[in-house]
Every structure is written in structure tokens, then in C-alpha cells.
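K.L.:
Predicted model and sequence follow; I will ask about them next.
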There are 2 protein chains.
Amino acid sequence: MEYQAYFQQNREEHLKELGELLAIPSISALSEHKGDVLKAAEWIADSLRRAGMENVEIHPTDGHPVVYAEHLHAPGKPTVLVYGHYDVQPVDPLHLWETPPFEPSIRDGKLYARGATDDKGQVFMHIKAAEAILKQEKELPVNLKFCIEGEEEVTSPNLPGFLESHQDKLAADVILISDTALLAPGKPAICVGLRGLCALEVSVFTANTDLHSGTFGGGVPNALHALVSLLDSLHDEKGRVAVEGFYKGVPELTAMEREEFAKLQFDEDKLKKDLGLSSLYGEEGYSFVERTGARPTLEINGMYGGFQGEGTKTVLPKEAHAKITCRLVGDQDPQDVIDKIEAHLHAHLQPGATLEVKATEKARAFTIDPADPMLQKAADAYERIYGTRALFTKDGGSIPIVETLSRVLSAPSVMMGFGLPDENLHAPNEHFNLENFDKGLLTIVEYLKSL
Amino acid sequence: MEYQAYFQQNREEHLKELGELLAIPSISALSEHKGDVLKAAEWIADSLRRAGMENVEIHPTDGHPVVYAEHLHAPGKPTVLVYGHYDVQPVDPLHLWETPPFEPSIRDGKLYARGATDDKGQVFMHIKAAEAILKQEKELPVNLKFCIEGEEEVTSPNLPGFLESHQDKLAADVILISDTALLAPGKPAICVGLRGLCALEVSVFTANTDLHSGTFGGGVPNALHALVSLLDSLHDEKGRVAVEGFYKGVPELTAMEREEFAKLQFDEDKLKKDLGLSSLYGEEGYSFVERTGARPTLEINGMYGGFQGEGTKTVLPKEAHAKITCRLVGDQDPQDVIDKIEAHLHAHLQPGATLEVKATEKARAFTIDPADPMLQKAADAYERIYGTRALFTKDGGSIPIVETLSRVLSAPSVMMGFGLPDENLHAPNEHFNLENFDKGLLTIVEYLKSL
């Protein structure tokens, strides 16, 4: 049977299975979901076994486990290691979800659920592609390995150690990853660059107790004022990060790179309209695709302090907190960036306030040469299924493990993504366009057979 | 029996009764406590009846009710109207309370509970003082009225209307209020000035959904960045409010007034030590007592946006919120101040963000001449009980209704407070020093008998 017909015939059953996986709230950042994360690992392992993969193992780590599987019966053929993750982001603010995040629901050809596109949906496609080839042809055209982890959304603290200690088991000629997006519907893309990441939690403390704003207001430090002043000092009026030395290691865009970005013909007006924004905002002198594709950033992801309830409370809060992440490019060193931000914060702290900074995550940026044959073959596979050759793009996101995978396993990473940029990753109403589920299955089969 | 002996003999019973009142979580700001606020009103009414007061009434309003009572059997004598409130502030952050806020507990001669000093404990003293005189002497030395409201902590939205429509019933020669503090233990004070208040809720909105900081970070507005920038713009580097026109109507301190403040010999080093602060902070050129007693302020009381949970979430929040209150002095008009802040915020908003400002409370500042005989007699009463004549002070807090009471009822307001400045009003571990409970009862009796 043609693969198209095969996947069509099994589509309902496949989506039902994927729905089971998406219903597991495997939020790796929240300790109360530890059991759910394990449940998702077990689900992935079962699914790999049913697909015909062998030596399926759930490897415990100090955090959440890694699922491994292999099918090594193609001597002389390349070995492909599929990497992905079965953990998902938190779901708040919950009230903004149109349907509950862990009750998968299909509307208008889109599958809504936390993890639908990032990354359970895309991992599932690789399992089903392997299963399809094995069912149809009784053998695989390559040696295939799976390494599916449960800590990607908390920056994979335990995977590097796992890779180091299982180098032989995981050895591969190419690492295949589907955790990125097409450029737009019908416009496939292969990511050849990812930004790095560092994360900080900043806390400011003033008096040893909350104080009445009548008795003390205007006369003592207010933790929220001190934090607001600190955070506002992190950018200048041109949208640049104002931390001294922050841009060390950031390569200036060449004229050729600017041309490449321009070729993408990204529609900023459409983006504004889609997001309901009167204007975009960012570092002066760069377009949206340049800002997100080639420039580092510092963003406040959360902040809280003082009274948040209904009505008024005339209180001077004793503490205030913020969560910050930076996206890094080029040779920026995450620890160096953290050190510089911490020094900046200490230098700008208001009198009477004290500061605590906790660094939680660190990853370097990643790039790969598009001329690599493993990438060119991926572009071919996309072209045969989508009718359009994939563009090589740089993505603003971070998959910290990609740099580590390529380095430790000495193999190129092919980021063959099937998401779309507007699928609400990390936000309410995450979804996955099923058109790319269908085409993606075929593209994966095509790619494996072409190697 | 001497009053001292009477109160000593009944002390245990009085504290037990007060404990019942303090156990009622009558938080006026939170609608889920509406029933508790009513319960506290009923408790106050019962207590007034048992004390011997007459025509006790619970007047419904559009919000929480007003409790009224009278005892008018002293022809030719002045009429005293006791004003107070039986509602309390919210209690979060709850985890910082050493004992639960609504389970009164006595430790080291201090009664711990929300409302212990602000204002249930102080209202209770007036009821028990009247009861004591009636029990001991069968009559009161003055005509006495009570007007105890349940919305003081939400700036008394319904009391002005109640006063206007019950002017005859409430008519008095002096309004007696115990909702302020001594200067320090053993140092009584009568407040002759209160700051006014206005409150605003500020919300900033950017994209129509939360966004992934990898895909969009650095390229679109972030609601938290926009709000942080707005809030930081509200003060200059000298701690002054940077809103154009904010200081209109603020009288500059005269040399004489500065001398009066200096006479208080306020110990800023002790305050720093007590609060665990390395330094105080506020408007340049003014001492702590000047800043809190004679200068207006703008304080952020609460702020929130984005991810507040455990771990990291790489999100660009679509909205962020802050709660602000200003303390006003002199002729500052609350509505005018609100208008100017709103204009400032609109003028400083980052591109791509939108703004919503909601004004929730408004009250003008209040002052009274210390030479008024009703105030001088209060100072005498303090002197007889405390052995020290009360100082006339200006308080940084706001009791918005004081200005209204004096204006509508054309009578001087005597703010005869028995709290202490460090009793954690509006904060965790609010408490009331029982030494001032004991002396306060005697001072009130003394005052009523002196009129």
C-alpha cells in the first residue's frame, strides 16, 4: 500500500493514540506532576514496543527518565538517532484555554492540547513512521534509535550526563529532531541555528515585615519600587540590553546574512494584526526576523510582589520577585552573561534593599552548516512531500540539548520540524495543525528511505 | 470602686469578649467575607446593648452596615460621637503570621490578631469605658453616641451619604476617634493631621495571547517590560514623584514646622534596626517624620504578571498589573492627582502596549488646630493617666472619613489613639500592646468625665 493510503487508513486510530499521550499532564517543571511525567515515559516506551522497536528501556536519571529504543538491522546503512521530549510546559493561565489543556480536542483541523506541537505530537510521528515502514516492508531502510527525554522544558539537566555515559549505545550518523516549525503553512524549513538560554530568578528584599503605607509610605524602601527600578535598568531606550558586556561574543550581522533574512519576506504587518498589536517592539535597527533569529534578548517572564487580591491594600511589600530568561547567540557564554547581569543588578540596587539572584538554566547557542548532506537530503524529502524545497532558517528558540547532542555524539543534527509559528507553544491553546501531521509522517518516511 | 480596680477585676472577661470579636474575619475588601462583616456588625451592636447603650441600630448601606447607638441623658453636657470601624484589612501573605490572624493569641503582653489595634481593639475600649461608667455611676457625664462602620479599610464609600442623611441623629460637639497610635510606648500623641489618599489599578496589555520567548522574544512588546518601565518612570532619582503637577497644593514646610518635627526626636537609627534595613529611602531633603508626616507619596502596593510558579517558563506575558496608592497632603485634590498620573502613564507607554487605569479610592487630607479646647482636654486626660502630656502630631496614614465627619457634622475630631507605630497594621502579625489597652480605658473615662 502507498504510505499515503496507509496513514489515511490508520489516521483515526493514530489520533486516538496521540490523544492518550496528550491527556497525561507531564509538566516537568512542577514537582507534583512527577508521577505524570513517568506515566508519559511509560506510554512512549509501550508505543515504541508496539511499533516494533527493540530493546526498549526506561532509563532513570536524577530527574525524569529517558526512553531508549533501537532497531539495528540495516548493516551498511546509516544510523539515525531520533531525539525528542515527552514533557510539556506548565499551563497557566488556565482560564484562557478554550478547552482544558489535557483534554485533547480537534477543531478546524487543529489538535488542541498542551504538548500537541511541542513536542509529543512530533515525537509520536516518528514512532508511527517507523511502525508504518516495519508493517509495510518488514524492515527499516536505516538503523534507527530513539532517545526521548522528559526534561527538555526544564533545559535537560540530566541528559548531558546520560549522553556522555551512553556514547556507544547512542552513536549515530545523524540526529533527527522534530521540535521546530515550518516557516508558514506549506513553507517547510530546516533550522540551522538555535539561540542559547540562561535563566535567572531575582528577588529583592527590604524591611523584615510588610509595612503600612500610611505610617511608613515615602520614608522607607519599597521592595516593588526597588525591583521595578532594577528591571527597567536592564534595557536602554533603544530596546538594547543595557548590561555592560552583554553583547560580548555576539557576531554583527553581515550584509549577506541580512540579505538571507530579507529573502524570507516575513510579513511584519500580518504578525501585528495576528497578535492584535499596534506596533512591534525590540532592538532598534533590526527587523523582526533579525531580532528573533540573530540577536540576543533579555525578557522578564514573570514578576510578583505585594497585594494581588481584589480591592486595595495599603501595604509596602517587604519582598518582590522576577523571573528572567535571556536568549543567546554566537559565542555568548551563559555563565558569563549571568555574572554580568548579577553585577549590573547589584550596581543598580536602591539604597536599603538587598538582592538575591539564582541562576537556574544555561545553554549555548547552536549552528550547523546547511551544506551538510544530511540536511540537504532532509530538504529533498520536504520538497517531495510539500512540493516546496525547505528553506534553511535560524530559530529564535532554544533546544539546549541540540548543541550537546551534536557535540557529544559527533553527528550533525537535522531539525526537521512540523509545527507552525502560531501554534501557541508555551501558551494557552497550544495546538498542532493536522495537515502537517499528515505530511510530516510522509516526510519522515521519505527521509529515512533516502539515506 | 476606682476605675483602675474595676478594669483590673474585669480584665480577663473583657479580653475574652474582645477575642470573640477578633475571631470574626470581617475583611471588607473581599466579597467572600460579606457575611463575616455583617457578623461583626451584629457583635458590636450586641456589645453596645449589653453596655447599656440605647436605640442600638444596624443601618444597612449599599455596602457593609453602620452600627449606631446612643445614651442621651446628660442635659446641658456636651455630646460626644465615637467613630470607629469593625472591618479589617486582608491577611495575606498568610504564611508569615506566627499565629493565625483570626485566632487571637496573647504573647509578651501583646494581643495578636488581625484588627487587634486597627481598629476592633480600640473601638471595643470605648464600649467598655461607657459600660464601666454606667455600671459604676448609673449615668454618663456626657451625651454619648456611637457610629461604628464596616468600610473604613475600603475608604468608607457609603459613610458620607449616611452622615449627610442622618445629620440630626449624629449631631455632636466633638467626634472622638481611636484609630491612631502613640508616638512610642509611654509617649501619647493626638493626631492633628492625616494624609489624604487616592488609589489606582494599572493594567498593561500587549499581544492577544501569551507568546513563546524563543519564537517572539526580542521582537514584540512584553507587557511586564512595558509596566516596569511605566512604574519606574513615576519617581525621579531623588525619590520625588515625577508626575507633572503632582505637588500642586502641597505646602512647603516652614522653618517652624521643621522645628516641630525635629522636636519629636525621632530615632531613625532605631527604626532602621527594627526594620532590618541598611538605610531608609525617600524624597531627598526631608527626614523620615517629614516624609511621612508632611509630604505626599506614590507607592506600588502590589504587582503581578506572567509566570509565578516553580521553575522557568519562557513566556512573554500578554498582560501585567499593578496597584498604586498615593498619600496626599495640603490641598491636593485626589481626582486631580489621579488625572495627572493617568496622563503621565499614557505619555510614557511603550510602543505596542495599551493601558487601562481604574481609580478606586479618593480622600482629601485633614488638619485641625491643636488649640481647640476639645483637643486640649484630651491632652489633659492623657497626662493624668500616662504622666506625660500628649504631643500633637501629624500622621502619615489616612482615615478618609475624618475630614468628612468634621465637615458634615461641623465638629472637631479628636484622634485619641492607643496603638503603637510598630504594631504591624495592615501586615502579618498585627498586635495590640495591652498596656495601652489598660491605660486607654482609663484615659477615655477620664476624658469623658472632663468634658
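P.N.:
Sure, I can see it.
K.L.:
Can you show me the strands along the stretch 351-451 of chain A?
P.N.:
For the stretch 351-451 of chain A, the strands defined by DSSP state E, counting those that start in this stretch occupy A:354-363, A:366-367, A:391-395, A:413-416, A:431-433.
K.L.:
Now do the buried residues in stretch A:66-83.
P.N.:
For stretch A:66-83, the buried set under the neighbour-count rule, 16 or more other C-beta atoms under 10 Å in any protein chain shown, comprises A:66-71, A:74, A:77-83. (Each C-beta comes from the backbone N, C-alpha and C, glycine too.)
K.L.:
Next, count neighbours for whichever residue of the stretch 201-350 of chain A sits closest to chain B.
P.N.:
With C-beta to the nearest C-beta as the measure, A:G214 is the residue of the stretch 201-350 of chain A nearest to chain B, at 2.6 Å. Using other C-beta atoms under 10 Å in any protein chain shown, A:G214 is surrounded by 25 other residues.
K.L.:
Where among the strands of the stretch 351-451 of chain A is average confidence lowest?
P.N.:
The weakest mean pLDDT among those belongs to strand A:391-395, with a mean of 83.
K.L.:
Please name the strands paired to the worst-scoring helix or strand of chain A on mean pLDDT in the sheet, noting orientation.
P.N.:
Across the helices and strands of chain A, the lowest-confidence element by mean pLDDT, DSSP states H and E is strand A:391-395, at a mean of 83. Each strand that strand A:391-395 pairs with, and the sense of that pairing, follows from DSSP bridges: strand A:189-194 (parallel).
K.L.:
How about the contacts made by the residue of the stretch 351-451 of chain A found nearest chain B?
P.N.:
Each residue of the stretch 351-451 of chain A has a distance to chain B, by C-beta to the nearest C-beta, and the smallest belongs to A:G397, at 2.6 Å. With contacts taken as C-beta atoms under 8 Å, 6 or more residues apart in numbering or on different chains, A:G397 has the following neighbours: A:T180, A:L194, A:R195, A:R327, B:H212, B:G214, B:T215.
K.L.:
Might one say that the residue of the stretch 201-350 of chain A closest to chain B is in contact with B:D395?
P.N.:
Yes. Between A:G214 and B:D395 there is a contact under C-beta atoms under 8 Å: 7.1 Å.
K.L.:
Around A:L277, count how many other residues there are.
P.N.:
The local packing of A:L277 (other C-beta under 10 Å) involves 20 other residues.
K.L.:
how near is it to B:H344?
P.N.:
Computed as C-beta to C-beta, to the nearest Å, the A:L277 to B:H344 distance reads 23 Å.
K.L.:
tell me which element the residue of the stretch 1-150 of chain A found nearest chain B is part of?
P.N.:
Nearest to chain B, among the residues of the stretch 1-150 of chain A, is A:A29, at 3.5 Å (C-beta to the nearest C-beta). Using DSSP states H and E, A:A29 is not contained in any helix or strand.
K.L.:
Count the residues that sit near it.
P.N.:
Other residues near A:A29 come to 18 when the count uses other C-beta under 10 Å.
K.L.:
how near is the closest residue to A:G417 other than its chain neighbours to A:G440?
P.N.:
Nearest residue to A:G417 in three dimensions, chain neighbours excluded: A:T180, at 3.0 Å (C-beta to C-beta, 6 or more residues apart in numbering or on different chains). Per C-beta to C-beta, A:T180 is found 12 Å from A:G440.
K.L.:
can you check A:G121 too?
P.N.:
In this structure, A:G121 lies at 9 Å from A:G440, with C-beta to C-beta as the measure.
K.L.:
Next: A:S287.
P.N.:
Taking C-beta to C-beta as the criterion, A:S287 is separated from A:G440 by 29 Å.
K.L.:
A:A255 now?
P.N.:
Using C-beta to C-beta, one gets 35 Å for the distance from A:A255 to A:G440.
K.L.:
So which of the two has more stuff around it?
P.N.:
Here A:A255 and A:G440 are compared on neighbour count by other C-beta under 10 Å; more neighbours surround A:G440, at 30 against 6.
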